[in-house]
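J.: Please find the sequence and the predicted model below.
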Amino acid sequence: MQWNIAELQKRFHANLIGSATIEITHLCTLEDGMAGGLSFFSNPQYATAFYKTNASAVFVHKDFSPTTVVSTTLLRVDNPYSCFCALVDEVYQQKMIVKSGIEFPSYMGEQSTIGNNMYRGAFSYIGDHAIIGENVKIYPHVYIGDHVTIGDDTVLYSGSKIFAHTVIGNRCVIHAGAVVGSAGFGFLTNTEDVYKRIPSIGNVVLEDDVEIGANTTIDAAMVGKTIIGQGTKIDNLVQLAHNVHIGKHGGIAAQVGIAGSTKIGNYCRLGGQTGIGGHLNLGDYVTALGRAGITRSFKNGHIVLSGTPAFEHKQFLSCYARFKQMSQLPKKDNHDDEAHK
């Protein structure tokens with residue numbers, strides 16, 4: 001795929017610094033830049049890479065001025081990353097192979113229906129009484145249980161498992177190996193401390209525009225629903241327990257674990273390896289930084305949390321600064337203790 005630099009200037013309303021005759025042949029990172037490559041620079045952390053890049057052109061912020069002479073052509077724009085991603089999506093759409101039809105062997109059970117323009121990959125399985133919408137893509141080795149409902153334009157990648165009674169909305173993406181609707185981790189112990197499983201008779205509901213990362217697991221509710229709100233994006237290797245409710249447009253990074261019956265509000269962001277205890281309530285706009293351990297509710301939301309047990313991030317930084325100063329305190333003299341005995 002190729003772009004003329006002058007066309008990109010017009011398309012993104014850019015202020016061009018450099019040659020207007022460059023032909024862009026590919027997208028690249030700053031580090032891997034070479035002739036014909038287009039990259040972006042928006043994070044000062046990559047300043048060294050920017051000044052060393054051999055890319056032909058780079059998107060930069062409209063207020064950016066290099067501190068030294070650079071040979072690369074600059075496209076000054078409002079949001080360099082957004083402009084670059086628009087081109088990434090363009091390349092992806094061109095490269096994407098649109099699948100359609102039915103590959104064999106594959107199976108669809110009794111009284112199940114699927115809409116037009118669908119794709120069913122080899123070795124995929126659809127149980128009984130499933131309702132599947134228009135333009136749904138089911139890749140090889142996908143399992144869809146009985147009484148599952150899947151909305152229009154949803155994609156289920158290879159090896160994903162959707163268990164019985166799960167409801168998936170429109171335009172959802174389920175990545176490879178994800179498991180939605182598996183049994184929750186619920187057990188009772190008898191007088192001899194022997195475990196007995198509590199069945200999960202509820203289900204999982206994914207609202208519209210939800211994305212579930214590879215090898216993420218979302219447990220069915222014991223009763224009622226486990227709910228992932230509209231537009232929420234979940235990374236790989238996340239565990240969401242039974243009866244968890246996630247609000248709208250949240251973002252959950254890899255290796256997050258959320259225990260049962262916890263409710264999380266809208267527009268929340270959970271950094272990697274965050275752990276959240278059970279039966280808690282987080283309000284809207286809660287941000288948990290990586291490896292936070294949340295052990296109590298923050299119902300009012302609008303807070304940034306860090307540490308374990310987690311509390312407000314500014315307080316955490318203040319406490320951590322004092323903690324580091326403790327190493328500078330004078331050491332205790334054991335001889336003084338002996339003298340006072």
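T.: Perfect, I can see it now.

J.: Would you confirm that Lys10 belongs to a strand?
T.: No: applying DSSP: H, G, I helix; E, B strand; the rest coil, one finds Lys10 to be helix, outside a strand.

J.: what's the distance between it and His26?
T.: From Lys10 over to His26 the distance is 20 Å, taken as C-beta to C-beta, to the nearest Å. For every residue, glycine as well, the C-beta is placed using N, CA and C.

J.: neighbour count winner among these two?
T.: For Lys10 versus His26, neighbours defined as other C-beta atoms under 10 Å are more numerous around His26 (17 against 11).

J.: wait, that one sits on Ser39?
T.: No: His26 sits out of contact with Ser39 when judged by C-beta atoms under 8 Å, with a separation of 10.1 Å.

J.: Just to check, Gly101 is in contact with Tyr119?
T.: Yes: checked against C-beta under 8 Å, the pair Gly101 and Tyr119 is within contact range at 6.4 Å.

J.: of the two, who's got more company?
T.: Between Gly101 and Tyr119, Tyr119 has the larger neighbour count (other C-beta under 10 Å), namely 19 against 9.

J.: Backbone dihedrals for the closest residue to the more buried one other than its chain neighbours, both of them.
T.: Here the nearest residue to Tyr119 in space, its sequence neighbours aside, is Lys99; by C-beta to C-beta, 6 or more residues apart in numbering that works out to 4.0 Å. Lys99 adopts backbone torsions of phi -90, psi 150, taken as degrees, to the nearest 10.

J.: burial of Lys99, as a residue count?
T.: Here the count is done by other C-beta under 10 Å, and Lys99 has 14 residues near it.

J.: okay but it is in contact with Gly121, surely?
T.: Yes: with contact defined as C-beta under 8 Å, Lys99 and Gly121 form a contacting pair (7.3 Å).

J.: so what sits against both of the two?
T.: Residues touching both Lys99 and Gly121 comprise Tyr139, with contact defined as C-beta atoms under 8 Å, 6 or more residues apart in numbering.

J.: C-alpha coordinates for stretch 298-315, PDB please?
T.: Written as PDB, here are the backbone C-alpha positions of stretch 298-315 (Å, rounded to 0.1, in the frame of the first residue of the first chain):
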ATOM      1  CA  PHE A 298     -14.400   2.800  46.400                       C
ATOM      2  CA  LYS A 299     -18.100   3.400  45.600                       C
ATOM      3  CA  ASN A 300     -17.700   7.100  44.800                       C
ATOM      4  CA  GLY A 301     -15.200   6.400  42.000                       C
ATOM      5  CA  HIS A 302     -13.200   9.100  40.300                       C
ATOM      6  CA  ILE A 303      -9.900   8.000  41.900                       C
ATOM      7  CA  VAL A 304      -6.500   6.600  40.900                       C
ATOM      8  CA  LEU A 305      -5.400   3.600  43.100                       C
ATOM      9  CA  SER A 306      -2.100   1.900  43.500                       C
ATOM     10  CA  GLY A 307      -0.200  -0.400  46.000                       C
ATOM     11  CA  THR A 308      -1.400  -3.300  48.000                       C
ATOM     12  CA  PRO A 309      -3.700  -2.900  49.800                       C
ATOM     13  CA  ALA A 310      -4.600  -0.200  47.300                       C
ATOM     14  CA  PHE A 311      -5.300   3.400  48.200                       C
ATOM     15  CA  GLU A 312      -5.200   6.900  46.500                       C
ATOM     16  CA  HIS A 313      -2.100   7.100  44.300                       C
ATOM     17  CA  LYS A 314      -0.900  10.500  45.500                       C
ATOM     18  CA  GLN A 315      -1.000   9.300  49.100                       C
END
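
J.: Right, I'll leave it there.
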